[in-house]
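In: Quick one: sequence plus predicted model below, questions after.
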Amino acid sequence: MFVVLIPFTVYESLSKTPHQLIFGVAGIILMVSLAYLFYRIGAYGGADAKALMVIALTFPFYPEFPPFPILNKGFGIFAFSTLSNSVIAAPFMVIVFAVRNLIREGVSALKEHPMGFLFGYRVEVSNFPKFHNILQAVRDGKVVNLRRGIDPDDSETGINELEALKEAGCEKIWATPQLPFLIFITAGFILATFMGDLVVFLITLLL
């Protein structure tokens with residue numbers, strides 16, 4: 001992506017003032033450093049860090065094509081706005097899951113499995129979807145709720161959790177999709193392009 005877009009970045013740089021160029025370079029250094037720091041502390045994976053670095057290098061200047069971005073340009077660093085928007089996009093999935101489960105499962109499901117209600121949904125054990133973790137498992141002969149999703153086929157213990165759940169008589173269980181942070185970065189990118197920096201917008205509303 002970076003290699004393909006280098007000519008466009010260079011072309012855009014030719015029309016910028018020295019002040020804008022300095023600000024753009026400073027933004028690149030900041031975001032590349034932040035992206036690597038968050039990777040080192042385990043906030044996300046290497047692909048996510050590389051994506052943010054490429055966005056910083058490809059968009060040293062906040063893209064504008066009136067009337068977009070509608071709200072603002074944040075601090076003027078596009079990659080930073082992408083990252084901050086992605087942090088907002090992640091909790092938004094909780095709302096989606098909650099509304100979905102409220103309609104399909106009812107309020108009682110929230111009491112039954114709060115984590116499942118907010119972060120997943122029921123699926124059939126016999127037709128367990130790919131790229132999902134389970135939020136229930138068999139422990140000491142009983143089906144218990146889990147606070148976080150685990151792989152249904154535990155390679156460390158050798159336990160096939162799905163088979164254990166079938167033997168326990170479960171037809172449906174709570175599961176959560178394995179959503180990489182890159183999905184939220186993509187959502188943050190789209191929001192930053194068309195709307196702006198939502199975090200800055202919310203802060204200005206509060207102030």
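Out: Here it is on my side, so go on. Numbering: from 1, shown residues only.

In: what packs against the lengthiest helix in the chain?
Out: Ordering each helix of the chain by length in residues (DSSP state H) puts helix 78-104 first. Helices and strands touching helix 78-104, as assessed by 3 or more Cβ pairs under 8 Å, 6 or more residues apart in numbering; DSSP states H and E, comprise helix 18-40, helix 46-58, helix 108-112, helix 114-119, strand 121-124, helix 181-194, helix 198-206. Where C-beta positions appear, they are placed from N, C-alpha and C, glycine not excepted.

In: Residues contacting the shortest one, please?
Out: Contacts of strand 121-124 with the rest of the structure, by Cβ atoms under 8 Å, 6 or more residues apart in numbering, involve 97, 100-101, 104-105, 116, 129, 132, 171-175.

In: Of these, just say which sits nearest to Met53.
Out: His132 (29.5 Å; Cβ to Cβ).

In: What's the local residue count around that closest one?
Out: His132: 18 surrounding residues under other Cβ atoms under 10 Å.

In: Can you classify the nearest residue to Gly24 once chain neighbours are set aside by secondary structure?
Out: In this structure, Gly24 finds its nearest non-sequential neighbour in Pro60, 3.4 Å apart by Cβ to Cβ, 6 or more residues apart in numbering. At Pro60, secondary structure determined by DSSP: H, G, I helix; E, B strand; the rest coil is coil.

In: Next up, phi/psi of Pro60, please.
Out: Taking degrees, to the nearest 10, you get phi -70, psi -20 for the backbone angles of Pro60.

In: how far away is it from Glu112?
Out: As judged by Cβ to Cβ, to the nearest Å, Pro60 and Glu112 stand 50 Å apart.

In: For Ile41, what are phi and psi?
Out: Note on Ile41: backbone dihedrals following degrees, to the nearest 10 are phi -90, psi 0.

In: How is this structure divided into domains?
Out: Structural domains assigned to the chain are 2-90+180-206, 92-177, following automatic domain parsing.

In: And Arg100, how close does it get to Ala175?
Out: If you measure Arg100 against Ala175 using Cβ to Cβ, the figure is 13 Å.

In: Can you pull out the low-pLDDT segments for the protein?
Out: Under the criterion pLDDT under 70, the flagged ranges of the chain are 154-159.

In: what do you get if the cut-off is 80, keeping everything else the same?
Out: Within the chain, the segments meeting pLDDT under 80 span 90, 153-159.
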